[in-house]
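>>> just to be clear, the model below is a prediction. Sequence and coordinates:
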Amino acid sequence: MSLTIIIILIALGLVFLVAEVLVIPGTSVAGVLGFIAIAIGIWQAWAVYGTTTGVAVTFGTLVATATALYFSLKSNTWKKLMLNDSIDSKVNLVDTEKVKPGDTGVTLSRLAPAGKARINGEMTEVHSISGFIDQHRDVVVVKTDHQKIIVKLKTP
């Protein structure tokens, strides 16, 4: 086995070990594969090239592992890769001044049991109290509960 293949095995093993420590929780295939790749690389350096090269490769692998873990665990390294956007959207807020129990509307989509309806001229998400309601059916608001508008089929 050439020295280039040994170095590639060890580098690939380091990548797997860093991924195991930082990205993949627990003991998984990546960590085991990383350990096996590094062990094969060091073993082949000792077997093919002798003691001097084996010691150098072993020491180099230890230094490379420590360096890789040090730089990957530094907080500034991951701040460059982190998503810094924040979510400022809101859930479907029910304006109790616009939608009140007893108001009527028309379903715009099938309520299964949730869907869209137009109530008092506004399109909003509603929930059926009695299962499925087809679209283009008249509904009545039964109650508003926090962010939910509960409706039932309007009876003639």
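All right, it came through fine. Worth saying up front: this structure is predicted, and the values here are computed from it rather than measured.
>>> what separation do you get for the residue nearest the centre of the chain and residue 31?
The centroid of the chain falls nearest to residue 23 when counting by CA atoms, centre = their mean (11.6 Å). As for residue 23, its distance to residue 31 is 11 Å (criterion: CB to CB, to the nearest Å). All C-beta atoms are positioned from the backbone trio N, CA, C, and that covers glycine.
>>> again with residue 96
54 Å.
>>> who has more neighbours, these two?
More neighbours sit around residue 31 than around the other of residue 96 and residue 31, counting by other CB atoms under 10 Å; the figures are 18 against 9.
>>> pull out the buried positions in whichever strand or helix holds the more buried one.
With secondary structure defined by DSSP states H and E, residue 31 is part of helix 29-49. Using 16 or more other CB atoms under 10 Å as the test for burial, helix 29-49 gives 30, 31, 33, 34, 37, 38, 40, 41, 42, 43, 44, 45.
>>> closest to residue 103 out of the residues you listed?
Closest approach between the buried residues of helix 29-49 and residue 103, by CB to CB: residue 30, at 56.2 Å.
>>> surely the closest one touches residue 16?
Yes: counting by CB atoms under 8 Å, residue 30 touches residue 16, with 4.7 Å between them.
>>> so who does residue 37 touch?
By CB atoms under 8 Å, 6 or more residues apart in numbering, the contact list for residue 37 reads 9, 10, 12, 13, 16.
>>> please pick the buried ones from these.
The neighbour count (16+ other CB under 10 Å) marks 9, 10, 13, 16 as buried among the contacts of residue 37.
>>> columns pLDDT on top of those residues, output as a markdown table?
Converted to a markdown table, those look like this (pLDDT from 0 to 100):
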| residue | pLDDT |
| --- | --- |
| 9 | 94 |
| 10 | 94 |
| 13 | 94 |
| 16 | 91 |
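>>> sort out which one of those lies nearest residue 115 for me.
residue 16 (47.1 Å).
>>> which strand or helix spans the closest one?
With DSSP H and E as the criterion, residue 16 is inside helix 3-22.
>>> hmm, which helix or strand of the protein has the shakiest average pLDDT?
Considering only helices and strands, the least confidently modelled element of the chain by mean pLDDT, DSSP states H and E is helix 75-79, at a mean of 69.
>>> immediately after that helix, which helix or strand?
The helix or strand immediately downstream of helix 75-79 is strand 104-107, counting by DSSP H and E.
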